[in-house]
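**Q** Generate a structure from the sequence data that follows.
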Amino acid sequence: MASSHNSQKKLIEVLWQKINTAILGSPEVQTAMTDLKNASQLDAVKEFNLMLDIEKLIEETLEQNPETKPEPKSGGSR
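**A** Numbers count the residues shown, from 1 in each chain. Sure, this is the predicted structure:
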């Protein structure tokens, strides 16, 4: 069981690393950071240590990717 738990934990850590890399690699985010830095406001962002709503992020990401959309639930067999 510990091995399974460690594998799940590793997968979750990898997902968070990929999310952070995607966010920080986004041209929009890079532009916003540069604009804030140029306006000497980048330190002010640190005051807002916000957490992502991971449930909403996952839901919206899966909705945008047709390969990962959940199958529609069947209303019963005919």
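**Q** Nearest the geometric middle of the chain, what residue?
**A** Central residue of the chain (CA atoms, centre = their mean): Ile19, 4.2 Å from the mean position.
**Q** Show me what secondary structure element comes after the strand or helix carrying that residue.
**A** Using DSSP states H and E, Ile19 maps to helix 2-25. If you walk from helix 2-25 toward the C-terminus, the next helix or strand you reach (DSSP H and E) is helix 27-38.
**Q** So which elements touch the helix or strand that that next one is followed by?
**A** Next in sequence after helix 27-38, counting helices and strands by DSSP H and E, comes helix 42-45. Where contact means 3 or more CB pairs under 8 Å, 6 or more residues apart in numbering; DSSP states H and E, helix 42-45 is packed against helix 27-38. The way it works is simple: take the backbone N, C-alpha and C, and place the C-beta from them, glycine included.
**Q** now the helix it packs on and helix 2-25, what's the angle there?
**A** Relative orientation of helix 27-38 and helix 2-25, computed by axes from the mean of the first three to the mean of the last three CA atoms, to 10 degrees: 60 degrees.
**Q** So which other helices or strands are in contact with helix 27-38?
**A** Counting contacts by 3+ CB pairs under 8 Å, 6+ apart, helix 27-38 packs against helix 42-45.
**Q** what is the rounded mean pLDDT of the helix it packs on?
**A** In this model, helix 42-45 has a mean pLDDT of 84.
**Q** could I get it in PDB with only the CA atoms?
**A** Extracted in PDB, the C-alpha atoms of helix 42-45 (Å, rounded to 0.1, in the frame of the first residue of the first chain):
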ATOM      1  CA  LEU A  42       6.000  42.700  -8.700                       C
ATOM      2  CA  ASP A  43       6.700  42.500  -4.900                       C
ATOM      3  CA  ALA A  44       3.000  43.500  -4.300                       C
ATOM      4  CA  VAL A  45       2.000  40.300  -6.000                       C
END
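**Q** Give me the contact list for that helix.
**A** Outside of helix 42-45, the residues within contact range by CB atoms under 8 Å, 6 or more residues apart in numbering are Met33, Leu36.
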